[in-house]
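S.K.: what's the 3D shape of this:
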Amino acid sequence: MTYNSTFQDRAGQAAQAKQKLLEQYKSRPPVDEKAAAERKAAAERREAAKAEKAATKKAAAEAKAADDAIKAAASAPPTEEEKKATRDARYAARKNRR
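M.R.: Purely as a prediction, here's the structure:
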């Protein structure tokens, strides 16, 4: 292609390129239905495995969150009643030592 080509030259080259692509498209072999079905089944299996893995990961995350919540509840700061009971027990023990 030269830089001094006319519009008709460029349009003709574009038409030839389109025709060549059309011929390549038409000359390709037909779709093998069995192979296409196998590819589709394989893709579905991959998707199912991916979904199962995601569900497992989500369940593990929920279990970890539940464990963390239990640990947080177990190590929560003592309430006023618990503080008072501890203080009263220390006072009673000190009284009993005398």
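S.K.: where along the chain do the helices fall?
M.R.: The residue ranges that make up the helices of the chain, judged by DSSP state H, are 7-27, 33-74, 80-97.
S.K.: with mean neighbour count as extra columns, can I get those in CSV?
M.R.: (C-beta placed from N, C-alpha, C; glycine too.) Rendered in CSV, the data for the helices of the chain read as follows (neighbours: other Cβ atoms under 10 Å):
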stretch, mean neighbour count
helix 7-27, 10
helix 33-74, 10
helix 80-97, 9
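S.K.: rank these by mean pLDDT and give me the bottom one.
M.R.: Sorting these by mean pLDDT places helix 80-97 lowest, at a mean of 88.
S.K.: contacting residues around that one?
M.R.: The contact list for helix 80-97 (Cβ atoms under 8 Å, 6 or more residues apart in numbering) reads Pro78.
S.K.: distance between it and the chain's centre?
M.R.: Helix 80-97 sits 54 Å away from the centroid of its parent chain (Cα atoms, centre = their mean, to the nearest Å).
S.K.: ok, stretch 41-51 next?
M.R.: 14 Å.
S.K.: over to stretch 51-62?
M.R.: Centroid displacement of stretch 51-62 relative to its chain, using Cα atoms, centre = their mean, is 10 Å.
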